[in-house]
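> Structural data only, the sequence is not supplied:
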Ligand SMILES: CC(=O)SCCNC(=O)CCNC(=O)[C@H](O)C(C)(C)COP(=O)(O)OP(=O)(O)OC[C@H]1O[C@@H](n2cnc3c(N)ncnc32)[C@H](O)[C@@H]1OP(=O)(O)O
Ligand SMILES: CC(=O)C(=O)O
């Protein structure tokens, strides 16, 4: 007998959109479908035509606008209503009118649900399933049946749950998907029920798990181990309540841990992190940073002892090579790290340094001391790089300009609005210059004054743009006093249109903290962009750096 292909079935566009706060336009849905197809999902469930107008529209547009290379599109819907004819059921007609190669029907397999929610008899429910499946198969559709509440239903009335599976399979369903609809099952129970159902019915089984017990992925793997070879899930585990099984985690586990080669092509797995980011952008709901495999922190290392081992061999603190799922290892610099963390971070930034060198030891000590005063370098790579350069150059880092003074004033004039003015007095190559800027607040006014003064000398600064500003009160311990006199940490993210980088400033005065972060951003651009003009700062042509290491 020819071996059956494993079926990876994505329901991001149907069950995924049942997540609170996740709303997609038709355009978004088409774009998400393209990403899932490129990733290698075998099936993409697009929504419920006939029930949700947006989904009806999605399937209409999909016919001409979706050119799926790997995936088959599936329309989702219910069986015919009780005591009606399948041929006249408007919802069943809408499923056919979606013109998809696949239709997935949701059907009740739990006796209480049949009687209380559907308000019909157990026999009529079986007739609804058999009749609807046959009708769709006769119309040329591949049909899957999602057996809702299967695991709870099996516990209450095993014989009836099994009968639902047999009925669907005998009517022509390609796979019967056992659903842990309430998401409360645990892996041992799921494995046992799947094994029992397989033995009793011989039907091809799928699995659809919700995450209410935090076990959706584990339950999915248990079902596969017990013989299911059709797996449903969603990107990032989006879905009703606590979500569905995370399809990325499931796929990576099956390929990389179970050695299955028929889930997604292994080279496509290398695009998984990118697919996850793209879908996060479209939905506005990004992966949790700690999400397995694709999360931004999935391979980020903070502890110094971890860094010291990773320096020798990344395998020592990573379960896989992150490149296999398109992610990358990162080192976080903080007071929890030592010289090894500095070396790894420096290497990540392009510097060849060694943990045993004096500059690295000094940089590690300064990070500890500054973080103790409230600094945080984890998301301020640019400020860290400046600190590193200061140590690598023994304090002789070129300063493209010097600051003599700055001030900022906020004034509300009688009858007028609030005016904020910042001014700076600087020196470039020893020549004094001053400039003033107005803005909608002190940071904006100082930023404008700096640009006013420097952009003619350093045109690359004109591309510098602040994209995020965060302030965090640190309490009285760090250069501040109690209450509103508390010190503040300011984290600023900048872009020049190509790259993004973060800087940090801390002070008892929020404006001074902001000024420090602003100044780091300007210095960072000048040192990293001007390259050869600044002997100390350029990493690619940095003999001083290499020597220091
Ligand atoms: C487990 C899952 O997540 S399955 C997917 C669930 N997704 C959705 O519900 C999203 C789309 N749903 C909808 O747009 C609407 O709920 C509709 C169009 C399906 C139904 O809308 P309405 O007719 O207004 O009814 P309502 O939303 O109150 O649902 C109750 C009806 O659904 C029926 N129903 C409940 N479960 C099922 C089921 N599994 N199969 C068939 N019908 C069902 C009930 O018997 C009731 O029908 P009745 O009014 O003829 O007695
Ligand atoms: C069908 C489905 O989404 C469920 O039972 O959870």
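Alright, I've got the coordinates. This one's a predicted model, so the numbers in the text were calculated from it and none came from an experiment. Ligands and ions are numbered 1, 2, ... in the order given.
> From residue 207, how far off is the residue of the stretch 301-450 of the chain found nearest ligand 2?
Residue nearest to ligand 2 within the stretch 301-450 of the chain: residue 325 (26.3 Å; Cβ to the nearest ligand atom). Yep, even glycine has a C-beta here, placed from its N, CA and C like the rest. Taking Cβ to Cβ, to the nearest Å as the measure, residue 325 falls 22 Å from residue 207.
> Between the two, which is the more surrounded one?
The neighbour comparison of residue 325 against residue 207 (other Cβ atoms under 10 Å) goes to residue 207, with 31 against 26.
> Distance from the chain centre to the helix or strand containing the more buried one, please.
Using DSSP states H and E, residue 207 falls within strand 205-209. In this view, strand 205-209 has its centroid 24 Å away from the chain centroid, taken as Cα atoms, centre = their mean, to the nearest Å.
> just use 108 as the starting number from now, easier for me
Yes, from this point I'll number from 108; that puts the last item at strand 312-316.
> Which elements pack onto it?
strand 282-287, helix 294-308, helix 323-332, strand 337-340 (3 or more Cβ pairs under 8 Å, 6 or more residues apart in numbering; DSSP states H and E).
> Tell me which strands it pairs with, and in which orientation.
Strand 312-316 sits in its sheet next to strand 282-287 (parallel), strand 337-340 (parallel), going by DSSP bridges.
> Do a quick rundown of the strands in the stretch 308-457 of the chain.
312-316, 337-340, 407-408, 437-438 (DSSP state E, counting those that start in this stretch).
> Other residues contacting the first one?
Applying Cβ atoms under 8 Å, 6 or more residues apart in numbering, the set of residues contacting strand 312-316 from outside is 114, 116, 118, 122, 251, 253, 272, 282-288, 290, 292, 297, 301, 304-305, 322-324, 326-327, 330-331, 334-340, 351-352.
> what's the angle between it and helix 294-308?
Here the directions of strand 312-316 and helix 294-308 differ by 150 degrees (axes from the mean of the first three to the mean of the last three Cα atoms, to 10 degrees).
> what about strand 312-316 and ligand 1, touching?
No: judged by Cβ under 6 Å from any ligand atom, strand 312-316 stays clear of ligand 1, getting no closer than 8.8 Å.
> which stretch among the strands paired with strand 312-316 comes nearest ligand 2?
strand 282-287 (3.3 Å).
> Would you confirm that residue 347 contacts residue 122?
Yes: look at residue 347 against residue 122 with Cβ atoms under 8 Å: they come within range, at 6.3 Å.
> hang on, residue 211 is in a strand, isn't it?
Yes: the assignment for residue 211 is a strand, going by DSSP: H, G, I helix; E, B strand; the rest coil.
> From residue 186, how far off is the residue nearest to it when sequence neighbours are not counted?
Using Cβ to Cβ, 6 or more residues apart in numbering and skipping the chain neighbours, the partner closest in space to residue 211 is residue 251 (4.4 Å). Distance of residue 251 to residue 186, given as Cβ to Cβ: 13 Å.
> How about residue 284?
Taken as Cβ to Cβ, the span from residue 284 to residue 186 is 14 Å.
> Neighbour count for the two, which is higher?
residue 284 (30 against 26).
> Could you tell me how many residues sit around the closest residue to that one other than its chain neighbours?
Spatial nearest neighbour of residue 284, excluding adjacent residues (Cβ to Cβ, 6+ apart): residue 313 at 3.5 Å. Here the number of neighbours of residue 313 (other Cβ under 10 Å) works out to 27.
> What separation do you get for residue 313 and residue 611?
From residue 313 to residue 611 the distance is 49 Å (Cβ to Cβ).
> again, but for residue 436
Relative to residue 611, and taking Cβ to Cβ, residue 436 is found at 23 Å.
> who has more neighbours, those two?
residue 611 (26 against 17).
> thinking again about what came up before, near ligand 1, from the contacts of strand 312-316?
Restricting the contacts of strand 312-316 to those touching ligand 1 (Cβ under 6 Å from any ligand atom) yields residue 288.
> Quick one: buried ones out of the contacts of strand 312-316?
114, 116, 118, 122, 251, 253, 272, 282-288, 290, 292, 297, 301, 304-305, 322-324, 326-327, 330-331, 335-340, 351-352 (16 or more other Cβ atoms under 10 Å).
> Need the pLDDT of the residue nearest to residue 211.
The per-residue pLDDT reported for residue 251 equals 98.
> Check residue 360 too.
For residue 360, pLDDT reads 98.
> Was I right to think it contacts residue 324?
Yes: the criterion here is Cβ under 8 Å, and residue 360 meets it with residue 324 at 7.0 Å.
> So residue 556: helix, strand or coil?
Assignment for residue 556 (three-state DSSP): helix.
> Briefly note if stretch 199-211 comes near ligand 2.
No: Stretch 199-211 stays clear of ligand 2 (Cβ under 6 Å from any ligand atom), getting no nearer than 8.1 Å.
> What lies in contact with that stretch?
Contacts for stretch 199-211 (Cβ under 8 Å, 6+ apart): 150, 152-153, 156-158, 163, 166, 169-170, 179-184, 186-187, 193, 239, 242-243, 246, 248-253, 284.
> Check which helices and strands the biggest helix by length in the chain sits against.
Ranked by residue count under DSSP state H, the longest helix found in the chain is helix 617-636. The contact analysis (3+ Cβ pairs under 8 Å, 6+ apart) places helix 617-636 against helix 488-499, strand 509-519, helix 549-561, strand 572-582, strand 594-602, strand 607-614.
> if you compare these, which one is most tucked away?
Greatest average neighbour count among those goes to helix 488-499 (a mean of 25), per mean count of other Cβ atoms under 10 Å.
> Outside of it itself, list whatever touches it.
Contacts for helix 488-499 (Cβ under 8 Å, 6+ apart): 440, 449, 452-453, 456, 458, 460, 466-467, 469-470, 473-474, 477, 482, 484, 504, 601, 608-612, 624, 627-628, 630-631, 634-635, 643-644, 651-652, 655-656.
> One more: stretch 442-459?
408-411, 414-415, 417-418, 437-441, 460-463, 467-468, 470-471, 474-475, 478-479, 488, 491-492, 495, 499, 646-647, 649, 652-653, 656.
> try 6 Å
409-411, 414-415, 418, 438, 440, 460, 462, 467-468, 470-471, 475, 478, 492, 495, 646, 652-653, 656 (Cβ atoms under 6 Å, 6 or more residues apart in numbering).
> From the residues you listed, which land in helices?
Per DSSP H, these map to helices at 411, 414-415, 418, 467-468, 470-471, 475, 478, 492, 495, 652-653.
> With distance to ligand 2 as added columns, please give those residues in a markdown table.
Formatted as a markdown table, these follow (distance: Cβ to the nearest ligand atom, whole Å):
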| residue | distance to ligand 2 |
| --- | --- |
| 411 | 44 |
| 414 | 43 |
| 415 | 46 |
| 418 | 46 |
| 467 | 53 |
| 468 | 56 |
| 470 | 52 |
| 471 | 51 |
| 475 | 50 |
| 478 | 46 |
| 492 | 48 |
| 495 | 51 |
| 652 | 56 |
| 653 | 58 |
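> and which of the residues you listed is nearest to residue 404?
Distances from residue 404 to those, taken as Cβ to Cβ, are shortest for residue 414 (14.8 Å).
> Got the confidence number for that closest one?
92.
> Check residue 418 too.
On the pLDDT scale, residue 418 gets 91.
> next one: residue 373
pLDDT, read off for residue 373, is 83.
> Quick check: which ranges of the chain have low pLDDT?
108-110, 583-589, 637-656 (pLDDT under 70).
> Which positions in it make contact with ligand 2?
Residues of the chain lying near ligand 2 (Cβ under 6 Å from any ligand atom): 122, 213, 253, 255, 286, 288, 315, 317.
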